[in-house]
Each structure stands twice: as C-alpha cells, then as structure tokens.
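Asker: model this:
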Amino acid sequence: MSIIKIDMNSDEFQAELEKTVKFTDKVIKQFNWEYNPQEEINEGVQLGLARNKLMYNKRFCPCFMVEVVDEKPRSVEDRICPCKPALEEEIPNDGVCHCQIFCTPEFAAKKRVELGMEEAVHQHSRGLSKEECEVLIAQSELDGDELEALIEARELGMITFKLVDVREHMEWQMGHIKGTDKLVPTSSFFQTLDEAQLDKNENIILYCHVGSRSAHCARILTDMGYTKIGNLTHGIVSYGGEKQR
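Answerer: The predicted structure is shown next:
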C-alpha cells in the first residue's frame, strides 16, 4: 500500500480542520474539560483528527493505528474522538486523555505550574515558588538544572529533601554535589542504608555517575516502601552546579 499524502494547504483540508477545531471546542464545553496548556499538542491532535476524517470519514484518535479490514476502517478499542477509554478511564483516573488534548481543569492548572517551572529552572529567569518546588520534588526523574534549582530552594527553606550519592567512596572523594546529605554506595547498599537512617516518607533524591545505578537503587527503595524517591536522570556528569571534594 502506497503512502497516502494529503495536502495540508488545500482548501479541502483547511475546511475540515476548521470543522475539527469547532468539534473539539464543542467537546471541551460539553464535558467541562480544558485544552492542554501546551498549544502545540492540541494543534497536532486537531491536525490528526482532520486527516483521519478526510481519509476514513471518522475522527479516529490520531495516536493509534487505523486499519482497514474488509474495506472498513477501524482503530484499537474503536477510538473515535472523544473515545470511550478517555471518557471512562483516562480522564477520570489521570486527568488527561491519551493524546493529551483534553484534560480536567485540575490537570491543566498543574501543567501550567510545571510549564512556568520549566522556564525557571532551564532559563534561570527567576526563582521557584513554593508551589513549583512541590511539583518538581514530586517528579521521579530530574535533570541537572532542576536539581540545582531545588538545592537553591532548600537553602532558602522552601523545600526539604535528602540528597543521596550511591556511587562508591572513591568516586565521592573525587568530587560530589555540594549539599549531598548521605553516601550510600551501591556495593554496600543495604548496610549503609541502615546507617543513613532515611525516613520512608521524606523526599529523597538519588544520584550516581550517569544515572543507571541510582535508577536501580530508586526501584529498590520504592519496593522497600519508600514513597518519595527522585533520580538525577543523567547523573553527576549532567550537573552544572557546585561540586566539592
């Protein structure tokens, strides 16, 4: 089967896109939802819905493959927008549909906070608010800029957490992140974990050299009942903040 090509600049497609935008506006109003604060996500989904409407005469969810069987198009779980899984499971449970165009007001509000936070930590345009700190500390994966912003916020008394190095002692001596609270080497993890006396309900951020050991330790701690574990995704090599020996 050859690739189906649709001219996005054609009058036919633009007319269908206009209808699709009106359709998603109507869905938003009907269910008291909101659009995702990230406009590029909404535009991409609307383009996909318009494309599927032209190709299959139905607004199949653009995030799932559409197959034509016996000349009848169908998608996984019959995902026609707004699809049943989104209505019954995804939005009630997660606050957002799989394609992320439709979300609850609560999810949209949290996402706006995250977007503001991203500007702060990556562009260093301003300090984090307490609310942004709480959103950031709840993430399971952090990059170097995010950890640096959290350490600064902790110094200001805006957030509390323990920063734990899971590399070996030799690596620690060569240099570690300033503000690290504990060294819990992976090779003697369980023994030194007891000595570290970490609370299972406190915020804990782990790091190693490139992120693989700390990710493994994060899974172990989670299995042990620790509830607030974060990981420096790419390790100390990705951290641009102050280090010490």
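
Asker: give me the pLDDT for V121.
Answerer: Per-residue confidence (pLDDT) for V121: 74.

Asker: with adjacent residues omitted, what lies nearest to it?
Answerer: A149 (4.3 Å; Cβ to Cβ, 6 or more residues apart in numbering). C-beta: built from backbone N, CA, C; applies to glycine.

Asker: ok, now which ones touch the residue positioned nearest the centre of the chain?
Answerer: Nearest residue to the geometric centre of the chain (Cα atoms, centre = their mean): Q139, 7.9 Å. Residues near Q139 by Cβ atoms under 8 Å, 6 or more residues apart in numbering: 146, 230.

Asker: again, but for D165
Answerer: 171-172, 176-177, 180, 182-184, 206-208, 236.

Asker: what helix or strand does M8 sit in?
Answerer: Per DSSP states H and E: M8 is located in neither a helix nor a strand.

Asker: which non-adjacent residue is nearest S140?
Answerer: For S140, the closest residue by Cβ to Cβ, 6+ apart turns out to be G230, at 6.0 Å.

Asker: again but with N52, I slipped
Answerer: F60 (4.3 Å).

Asker: give me the pLDDT value at that neighbour.
Answerer: At F60, pLDDT is 89.

Asker: repeat for S2
Answerer: Listed pLDDT for S2 reads 43.

Asker: could you do the one 3 residues further on as well?
Answerer: pLDDT for K5: 65.

Asker: just the strands in the chain please.
Answerer: With strands called from DSSP state E, the chain shows them at 34-35, 66-69, 72-75, 102-103, 141-142, 162-165, 176-177, 182-183, 204-207, 229-232, 243-244.

Asker: any chance of those in a markdown table with distance to N9 as columns?
Answerer: As requested, the strands of the chain are arranged in a markdown table below (distance: least, Cβ to Cβ, whole Å):
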| stretch | distance to N9 |
| --- | --- |
| strand 34-35 | 24 |
| strand 66-69 | 23 |
| strand 72-75 | 25 |
| strand 102-103 | 27 |
| strand 141-142 | 39 |
| strand 162-165 | 52 |
| strand 176-177 | 51 |
| strand 182-183 | 59 |
| strand 204-207 | 48 |
| strand 229-232 | 45 |
| strand 243-244 | 52 |
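
Asker: okay if I get those strands as TSV plus mean pLDDT?
Answerer: Shown next, in TSV, are these (pLDDT from 0 to 100):
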stretch	mean pLDDT
strand 34-35	96
strand 66-69	74
strand 72-75	74
strand 102-103	96
strand 141-142	94
strand 162-165	97
strand 176-177	96
strand 182-183	94
strand 204-207	98
strand 229-232	97
strand 243-244	94
